[in-house]
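Q: Can you look at this prediction? I've put the sequence above it.
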Amino acid sequence: MTRRDSLRRDSLTRYLVEKQHVDGHIPPQLRLLIEIVARACKRISFAVNKGALGEIMGNAGSENVQGEAQKKLDIIANETLIEANEWGGHLAAMASEEMETIYVVPNRYPQGEYLLLFDPLDGSSNIDVNVSIGTIFSVLKKPEGHPGVDQSDFLQAGCQQVAAGYCIYGPQTTLVLTVGDGVAMFTLDREQGSFILTEENVRIPEDTKEFAINMSNMRHWEAPMQRYIEECLQGEEGVRGKNFNMRWIASMVSDVHRIMTRGGIFMYPWDKREPNKPGKLRLLYEANPMGWLIEQAGGAATNARQRILDIQPQALHERVSVVLGSKNEVEQVTRYHLEADQAKA
Ligand code: AHG
Ligand code: MN
Ligand code: MN
């Protein structure tokens, strides 16, 4: 690569402009939306980096709608995303893991046709221990046919998303994005203050020897989930005939980013401690955007029985079981569950 080539590396702005003008793939309002989300992520990244030098560590002393203790950074990230997005004229409303109801763009600002959903800060338990965390977002179009916007407009299956991504705040800050034609990664250049395209057409290998699951919950899982992991643990001598490695970072963004980079399978299954809760992770803020990104990179994402993107949401804060990553492993886990269901029927 010549020096001029390296200087000409694409920024997120240029990537999006090309998507708009050359490919005709995204409308200008969606381009603006993604740029503004990226700007908010940049601000969150700088806040995260301050660590103990900023007012960002520790608990906020409040709980979110799911009864989870909110960290200061959960609230800072939530407010940063709202403040950045509310005035641009591209949005009708926003929904967040940290807000009980939707946030309709105030009347004093122009209204747009998009809906933005986000997990402002994923992996909250990792903030205070200096381990990678992130922001996850999903974009839908407001359905036509009625004036205004309400909660039911957000209850669209994941296959309706028009953009999705996450920004990981780790040793590097990386924005990972799809607008439906593959996955691209942009690394934050802190000196320039802009996201630079560092990888395009991300592909996840179909096979893997690495799984990610919170093993401490094993005794609470369904039998087919236990079977899958037990077989992985048997290694070379067992039915799988290969040794597996395990990773669990406890922030979905980080575990998914590893899978985007080198493959793997991530699972957060249903467990019998709370039988009425389908899982821990949230369909609209976590599973749908991550599921779409993974599929766009050639992987698969199911709730152990069904494709995540086909699930019709019933509620804003709905939970779901998640199995995602390298295609052949996701298919194997899903098959074990479906076979067990059939045997029971
Ligand atoms: P959040 O911090 O947004 O509530 O999400 C945390 C999620 C997810 O990021 C991670 O994979 C999982 O919770 C970790 O759960 P355990 O604490 O059970 O390991
Ligand atoms: Mn989360
Ligand atoms: Mn969160």
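A: Cool, the structure landed. Ligands and ions are numbered 1, 2, ... in the order given.
Q: is the longest helix anywhere in the chain up against ligand 1 anywhere?
A: If you go by DSSP state H, the chain has its longest helix at helix 28-50. No. If you take Cβ under 6 Å from any ligand atom as the test, helix 28-50 misses ligand 1, and the best it gets is 13.4 Å. Bear in mind the C-beta positions are built from the backbone N, C-alpha and C, glycine included.
Q: Pull out the buried residues from that helix.
A: Neighbour counts over helix 28-50 (16 or more other Cβ atoms under 10 Å) mark 30-42, 44-45, 47-48 as buried.
Q: Show me which parts of stretch 98-110 are buried, residue by residue.
A: 98, 99, 102, 103, 104, 105.
Q: With just CA atoms, put it into PDB.
A: Taking Å, rounded to 0.1, in the frame of the first residue of the first chain, the C-alpha atoms of stretch 98-110 are listed here in PDB:
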ATOM      1  CA  GLU A  98     -32.900   1.600  30.000                       C
ATOM      2  CA  MET A  99     -36.300   3.300  29.500                       C
ATOM      3  CA  GLU A 100     -39.600   1.800  30.400                       C
ATOM      4  CA  THR A 101     -41.500   3.400  27.500                       C
ATOM      5  CA  ILE A 102     -40.600   4.700  24.100                       C
ATOM      6  CA  TYR A 103     -39.100   8.200  23.700                       C
ATOM      7  CA  VAL A 104     -41.100  10.100  21.100                       C
ATOM      8  CA  VAL A 105     -39.100  12.900  19.400                       C
ATOM      9  CA  PRO A 106     -40.400  16.200  21.000                       C
ATOM     10  CA  ASN A 107     -42.700  18.400  19.000                       C
ATOM     11  CA  ARG A 108     -40.100  21.200  18.900                       C
ATOM     12  CA  TYR A 109     -38.000  19.100  16.500                       C
ATOM     13  CA  PRO A 110     -38.800  17.800  13.000                       C
END
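Q: Spit out the contact partners of residue 165.
A: Applying Cβ atoms under 8 Å, 6 or more residues apart in numbering, one finds that residue 165 lies in contact with 34, 37, 136, 137, 175, 176, 177, 178, 289, 293.
Q: Nearest to ligand 2 among these?
A: Here the nearest of the contacts of residue 165 to ligand 2, counting by Cβ to the ion, is residue 136; it sits at 6.6 Å.
Q: For beta bridges, what are the partners of the closest one?
A: Per DSSP bridges, the residues bridged to residue 136 are residue 119, residue 166.
Q: and the end-to-end length of stretch 107-123?
A: When the termini of stretch 107-123 are compared using Cα to Cα, to the nearest Å, they are 33 Å apart.
Q: coming back round to it: which members of the contacts of residue 165 are classed as buried?
A: 34, 37, 136, 137, 175, 176, 177, 178, 289, 293.
Q: Contacts only, for the fifth one.
A: Taking Cβ under 8 Å, 6+ apart as the definition of contact, the neighbours of residue 175 are 12, 38, 41, 165, 166, 167, 185, 186, 188, 195.
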